[in-house]
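Asker: no FASTA, just this:
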C-alpha cells in the first residue's frame, strides 16, 4: 500500500506544471487536509512532534508565472484582500522564489500572480501549498532542473508543511514535518470543506493543547500508530482509530468550529467529520463527489457567511 515519493513516477513534480498560450506556466496549490492529526511529543525548543495523514484536494489556489527581468508579485481572488495589506516580501511565495534563486545562483526574475481561492489561516495549508507550487513553477520557468529531492530539501527551510505540499499524493507525516512517506489510499471520497470565516492562530491552539489535556487528566501526548495499513483501509477505520488532537483546544479559541461540525453531523449522511490542521476549517467525507456537492449547496443556504468547497480526495 505504501511507496516512497522518490519511487513513484506518477507523482513527479514536473507533472504539476501546465503551460499557457502566452508562454506562462501554471501550478495549482491544492488544499491540504489532515485526515488525522496526533501530537506525539514535544522538543525542548517548543516544537511539537506530530503524526498526521495528509491528503490533497483537486481545487485550490492557482499560481501563474511569466518571464520578467525582476521579481514581481500580485494577488487576486476571493481572499486577496486579506493579503493586500501585508508586505509582499513576507509572503511565502516570495520567500520561496528568493530561496530558490539564491540556492541556484540565478538572478532571473518572474511575474508571479497568486489567485487566492483558499481562506487564510484556515488549517488548509494554503501558504505552504503556495510556497511549494512556487518552487515547482519557477524551477520549470527558470530551467534550473533541480530534482524533486533537491526541491524538497530546499522546502524544509520554508516551513514544516512545505515539503509535503510539493506532492499531491497522500502522505503520512511525522516528526516536526520532516519525515514523509507516500501512502496509497485504497478509496476515494467526496469532500466538503467549510470554514466559518474565522482565522485561527496555530501557536494559540498548540499552547492550549497541553492546558486542555492537563485540565482533563488526559495523557500528555498521543500514542504513535503501529498499523497504518489498518487505519487507512477504509474511512470507517480512519474515523474509529484516529482523531485531530488539536480540535478540542481549537474550539476553545474558535467556538464556531463546533457550529460547523454540528451542522455536518446533524444535516448530512457523512462518513467522517473532522477539523483540519489547527482549524478553523472542518471537512466531511461522502461516498462520491455528487453527494459532497449536494451538501455544499445546503451548507451555503444554511449560512451564507461560511466559505464552502466541494471536491474529491483519495483514490
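Answerer: Thanks, I have the structure now. All values derive from a computational prediction rather than experimental measurement. Residues are numbered from 1 along each chain as shown.

Asker: Can you name every helix or strand that the longest helix seen in the chain contacts?
Answerer: Counting residues, the longest helix found in the chain (DSSP state H) is helix 126-141. With contacts defined as 3 or more C-beta pairs under 8 Å, 6 or more residues apart in numbering; DSSP states H and E, the packing partners of helix 126-141 are strand 17-19, strand 25-42, strand 48-68, helix 92-104, strand 109-115, helix 148-156, helix 162-165. Where you see a C-beta, it was placed from the backbone N, CA and C, and this is true even at glycine.

Asker: could these go into TSV alongside mean neighbour count?
Answerer: Putting the helices and strands packed on helix 126-141 into TSV (neighbours: other C-beta atoms under 10 Å) gives the following:
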stretch	mean neighbour count
strand 17-19	14
strand 25-42	23
strand 48-68	21
helix 92-104	19
strand 109-115	21
helix 148-156	17
helix 162-165	27
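
Asker: I'd guessed residue 59 sits against residue 30; true?
Answerer: Yes - between residue 59 and residue 30 there is a contact at 6.6 Å, judged by C-beta atoms under 8 Å.

Asker: Including mean pLDDT and distance to residue 225, could the helices and strands packed on helix 126-141 go into a markdown table?
Answerer: Rendered in a markdown table, the data for the helices and strands packed on helix 126-141 read as follows (pLDDT from 0 to 100; distance: least, C-beta to C-beta, whole Å):
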| stretch | mean pLDDT | distance to residue 225 |
| --- | --- | --- |
| strand 17-19 | 95 | 34 |
| strand 25-42 | 97 | 7 |
| strand 48-68 | 97 | 6 |
| helix 92-104 | 97 | 29 |
| strand 109-115 | 97 | 35 |
| helix 148-156 | 94 | 23 |
| helix 162-165 | 95 | 17 |
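
Asker: closest to residue 293 out of those?
Answerer: Closest approach to residue 293 among the helices and strands packed on helix 126-141 is made by strand 48-68 (12.0 Å; C-beta to C-beta).

Asker: Just checking: what are the partner strands of that closest one?
Answerer: For strand 48-68, sheet partners with direction are given as strand 25-42 (antiparallel), strand 109-115 (antiparallel), strand 171-175 (antiparallel), following DSSP bridges.

Asker: where are the low-confidence patches of this protein?
Answerer: For the chain, residues meeting the criterion pLDDT under 70 lie at 1-11, 315.

Asker: what's downstream of the host helix or strand of residue 284, the next helix or strand?
Answerer: Secondary-structure element containing residue 284, defined by DSSP states H and E: strand 282-286. For strand 282-286, the following helix or strand on the C-terminal side (DSSP H and E) is helix 289-302.

Asker: Apart from its chain neighbours, what residue comes closest to residue 152?
Answerer: For residue 152, ignoring the flanking residues on the chain, the nearest one in space by C-beta to C-beta, 6 or more residues apart in numbering is residue 163 at 4.7 Å.

Asker: from memory that neighbour sits against residue 150, does it?
Answerer: No - the criterion here is C-beta under 8 Å, and residue 163 misses it with residue 150 at 11.5 Å.

Asker: list residues touching both of those two?
Answerer: Shared contacts of residue 163 and residue 150 (C-beta atoms under 8 Å, 6 or more residues apart in numbering): none.

Asker: Report the beta-bridge partners for residue 72.
Answerer: According to DSSP bridges, the partner residues bridging residue 72 are residue 111.
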